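In: task: produce atomic coordinates for the following.
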Amino acid sequence: MLSLIRNARLFAPADCGVRDLLIAERRVAHVGADLDALPSWCGCTTIDLQGRLVVPALVDAHVHVAGGGGEAGFGSRIRPPAPHVYRAAGTGTLVGLLGTDDTTRSTEELVAWTRELNAHGLTARCFTGGYHLPPRTLTGSVRGDLAWIDVIIGVGELAISDHRSSHPTVQEILRIASDAHVGGLMTGKAGVLHLHLGDGAAGLDPVRQAIRDGDLPARVFHPSHVNRRKALFEEALALAREGSTVDITAFPVHEGEDAWSAPDALLRYLDAEAPRERVTVSSDGGGCLPVFTPEGEVARYEVAAPAALLNALRDAVAAGIALADALPAFTVNPARLLRVTGKGTIGPGSAADLLVLNDDLSLHAAMYGGGWYDASGEPGIPSPETLR
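Out: Next up, the predicted model:
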C-alpha cells in the first residue's frame, strides 16, 4: 500500500517546513520537497494537504484500557474506551495499566484489551501490576511477565503517597524497580516502574530515597500525576534533573485548586530549563478522577478521556509554547522512554503514524500503521473537498 502525501506543513516534531511524504508498507519511506509522482501501475494514493499541519501521532503512556474506577463501589466501575475513541483522540501508541482496582480487574484482562487495540490499527503495550503489592502478574513474577508476554513492557501504576496504596517501603519499591529493570535488560523492553503519585505528604521522597539508596539508574522511575500539587511539581523538576522522566497528567484543574493544569505545568517545566527530553504528558484515559473527603470517601468523580491529550497540546500552544517545543512531551519523549521503536517522530523508516491537524490543532484526519482514519476514528481517506 502506497500513499504520497503532498504539501504537508510538517512538524516531525521539529519544524521541517512544507514537505511531501511517501508512505510504503506501514512506514515512512521518504520525506522531501516536490517528490516525483509515481507511475499509475504502483496503485499509489496521492493526497494534497494544501499546507495543513502534520505531526506524529500521540504517544500516551498512561491509559486504563480495561477501564478504571471502582472507588465508589461497583456502580462506579468505568467501561473501557472503544478503539475508535483513541483513534479520534489522535493517539496512535498507548500503554495500558491497572489502577486502584487490581482485584476484580486482572493482568490477563489487561493483556487481552491491549491485544484488541493492536488488532484495530493502534500500537498498544501495557504494564504488569497495579496500585498494590504484591504486584498483580500473569506468570507469577514481574520478570516472567516481561520475558514471556510480548505486550508487557514494565510495571505500573504502583501507588505511593496515597491512602489507596499499599504504603510500600523504599526497599519494596527498590525490589519491584529492580525486577522491572532486569526484565527490561533481558528483553530489550522499557523496564520502567511507572508510579502513581497521590496527595500524600511524602510526595516523591520515596523515589528520591530509592535512587539514593539503591544502584538503579534514575531513568527506571517514571512518576505520574506530578502536577496534582504545586509543591509536588517542584519536587518533580528536581527529580528530572537527577535523570528520571516525569509524567504530567492532562486532568481538569478547577479555579483555586492547588494543582497545575497540563499546559501550565509543561510551560513551567520548559521555563525552568529542566531536561526537555525527560517530561511526558499522558491522559489517564478511561480512569477515574475522584475527589475525596477528609475521611477518605469519594465525594465526586469525573472520568478521564483519551481526548484530553490532544486538547492539552492545543491548550499548551495557546498558552504560548511553540508547537515544536510542546510536541516532544506528547510524542518522541514517551516513545523513547518506553522503547516503542519508530513512534513519536516522522522521518524515513519511522512508523506511518501521523495526524493531520486543522489550524486550531483539532484533528482533521489521522494515519495509523499506514491506514487512514477520519476525525471520528473511523476508516476514511481525506477527500479533496474536506481539505479546501
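
In: ok now do the nearest residue to Gly344 once chain neighbours are set aside, which residues does it touch?
Out: Nearest residue to Gly344, sequence neighbours excluded (Cβ to Cβ, 6 or more residues apart in numbering): Ala335, at 3.1 Å. The C-beta positions use only the backbone N, C-alpha and C, and glycine is treated the same way. Taking Cβ atoms under 8 Å, 6 or more residues apart in numbering, we find Ala335 in contact with 59, 93, 343-345.

In: cool, Gly184 as well?
Out: 146, 153-154, 190-192, 339.

In: pLDDT wise, what is it at?
Out: The score at Gly184 is 98. That number is its pLDDT.

In: check the gap between it and Ala147 for me.
Out: Distance of Gly184 to Ala147, computed by Cβ to Cβ, to the nearest Å: 10 Å.

In: now Ala366: how far from Val54?
Out: Per Cβ to Cβ, Ala366 is found 10 Å from Val54.

In: now do the shared contacts for these two.
Out: With Cβ under 8 Å, 6+ apart as the test, Ala366 and Val54 both reach 354-356.

In: so which bits of stretch 212-219 are buried?
Out: 214, 216, 218-219 (16 or more other Cβ atoms under 10 Å).

In: also stretch 340-359?
Out: 340, 342-346, 350-357.

In: among those, which are in helices?
Out: The helices, defined by DSSP state H, take in nothing from those.

In: can I get these in TSV with distance to Pro290 and pLDDT?
Out: As requested, those are exported to TSV (distance: Cβ to Cβ, whole Å; pLDDT from 0 to 100):
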residue	distance to Pro290	pLDDT
Val340	30	96
Gly342	37	95
Lys343	31	97
Gly344	31	97
Thr345	36	97
Ile346	38	97
Ser350	38	97
Ala351	35	96
Ala352	38	96
Asp353	33	97
Leu354	35	98
Leu355	31	98
Val356	36	97
Leu357	32	97
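
In: nearest to Leu270 among those?
Out: Gly344 (17.8 Å; Cβ to Cβ).

In: can you report how many residues neighbour the closest residue in space to Ala8 that isn't next to it in sequence?
Out: Spatial nearest neighbour of Ala8, excluding adjacent residues (Cβ to Cβ, 6+ apart): Val54 at 4.0 Å. Residues near Val54, counting by other Cβ atoms under 10 Å, number 25.

In: can you check Gly75 too?
Out: Gly75: 7 surrounding residues under other Cβ under 10 Å.

In: tell me the secondary structure at Ala240.
Out: helix (DSSP: H, G, I helix; E, B strand; the rest coil).

In: residue ranges with poor pLDDT in the chain?
Out: Scanning the chain for pLDDT under 70 picks out 385, 388.

In: quick one, domains of it?
Out: Segmentation of the chain into domains, based on automatic domain parsing, reads 2-56+344-374, 58-338.

In: from the chain's centre, how far out does the last one sit?
Out: Taking the mean of its C-alpha atoms, domain 58-338 sits 8 Å from the chain's own mean (Cα atoms, centre = their mean, to the nearest Å).

In: rewinding a little: who are the packing partners of the helix or strand hosting the residue nearest to Ala8?
Out: Val54 is part of strand 53-56, with elements assigned from DSSP states H and E. Applying 3 or more Cβ pairs under 8 Å, 6 or more residues apart in numbering; DSSP states H and E, one finds that strand 53-56 contacts strand 2-11, strand 354-357.

In: deepest-packed of the ones you listed, please.
Out: Sort the helices and strands packed on strand 53-56 by mean neighbour count, taking mean count of other Cβ atoms under 10 Å, and strand 354-357 sits at the top with a mean of 25.

In: tabulate the helices and strands packed on strand 53-56 in TSV, adding columns for distance to Ala265.
Out: Formatted as TSV, the helices and strands packed on strand 53-56 follow (distance: least, Cβ to Cβ, whole Å):
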stretch	distance to Ala265
strand 2-11	21
strand 354-357	22
